[in-house]
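Q: what follows is a predicted structure for the sequence shown.
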Amino acid sequence: MRKLIGFFVIVGLIAVGCAFFNPSASEVSVAQSESEQIAELHKNDSPSMAPIALESPSQEVSAEEVIYGAIDNTELTGYLAQPTDMTEPLPGLIVIQQWWGLTDNIKAMTRRLAGEGYAALAVDLYDDQVADTPDQARSLVQAALEDPARLEQNLVAAYDYLANELSAPAIASIGWCFGGTWSLNTALALPTQLNAAVIYYGGQITTERDRLATLELPIQGHFGELDSRPSPETVREFESVLNDLGKDAEIYLYEDADHAFANPGQRYNPEAAELAWERTLQFFEQHLRP
């Protein structure tokens, strides 16, 4: 009998340990569903360079890999770009990847943003993994979404690095697609600390009033009228809730633009991409400069 009791105790402890160290079934289910929806939108895409990313920065910049924090003794390595002639701390940008990971395209966009006079830090949410195919990207994004708390820790670490290590006087976030959702989530994690957030077609943006009510920063969003994730109806609801709460929100729906209209791929829309880029720079200039 004692051996039998001991056996069940051990089994119970193993079960508890597995529950503690692994995501719950609901988290796995949600992550799988969201990753499949993102994969459907990008099934014919590849991690190439966007035309905007191919343009040279407005001024000379330097870039390097930096360690911006650690989670569970695992270092977080990102890509930091800044103007080479900087003489004082600059406003900071948390640049959040697409579902492919921290690709050359994201690094180029980070350099372009730095060229506008910012300390731009591209975070890595995949632990140094980058996808070359949609199947690889789906697996990576699902694994990341199974632990949303870790994603939030990662982005808060990026904020802390810009604020404490680089003494950035103001900090904003920007992201595309998967990164667009997490640009909003960064704002929700730092509702009074972050100074601004830009969202490019984040498919999982929340419209929950109680969550959006916590925001104390301006939000800018860029979405396509032909998109299904988020749909125009969801975007309008998002805008309506923000406006009803009295939040500072600039939400744009681009005619004849689909999901990922500013990303490299079959749905790239040059007119919408250029206009969104101009609006993004104006928004950062307005809210990040003294």
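A: Alright, I've got the coordinates.

Q: hey, let's count contacts and neighbours off CA atoms from now on
A: Noted.

Q: now the strands for this structure?
A: 61-71, 74-83, 92-96, 119-122, 171-176, 196-200, 219-224, 249-254 (DSSP state E).

Q: could these be laid out in CSV, adding mean neighbour count, distance to residue 55 and mean pLDDT?
A: Shown next, in CSV, are these (neighbours: other CA atoms under 10 Å; distance: least, CA to CA, whole Å; pLDDT from 0 to 100):
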stretch, mean neighbour count, distance to residue 55, mean pLDDT
strand 61-71, 16, 13, 98
strand 74-83, 21, 15, 97
strand 92-96, 29, 18, 98
strand 119-122, 30, 17, 98
strand 171-176, 26, 18, 98
strand 196-200, 27, 19, 98
strand 219-224, 26, 21, 98
strand 249-254, 18, 23, 98
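
Q: turn those into CSV, including distance to residue 38.
A: Listed next are these as CSV, based on distance: least, CA to CA, whole Å:
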stretch, distance to residue 38
strand 61-71, 26
strand 74-83, 24
strand 92-96, 16
strand 119-122, 21
strand 171-176, 12
strand 196-200, 14
strand 219-224, 15
strand 249-254, 20
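
Q: doesn't residue 82 make contact with residue 63?
A: Yes: under the criterion of CA atoms under 8 Å, residue 63 lies in contact with residue 82, with a separation of 6.5 Å.

Q: about what we covered before: out of the strands of the chain, which gets nearest to residue 237?
A: Smallest distance to residue 237 across these (CA to CA): 10.8 Å, for strand 249-254.

Q: residues touching residue 119, list them.
A: 80, 81, 82, 83, 90, 91, 92, 93, 162, 168 (CA atoms under 8 Å, 6 or more residues apart in numbering).

Q: quick one: neighbours of residue 178, just the number.
A: 26 (other CA atoms under 10 Å).

Q: one more: residue 41?
A: 17.

Q: swap in residue 44?
A: The number of residues near residue 44, taken as other CA under 10 Å, comes to 11.

Q: distance of residue 34 relative to residue 97?
A: 16 Å (CA to CA, to the nearest Å).

Q: these two - which one has more neighbours?
A: More crowded of residue 34 and residue 97, by other CA under 10 Å: residue 97, with 26 against 19.

Q: which non-adjacent residue is nearest that one?
A: Distances taken as CA to CA, 6 or more residues apart in numbering put residue 179 closest to residue 97, at 5.1 Å, once the chain neighbours are dropped.
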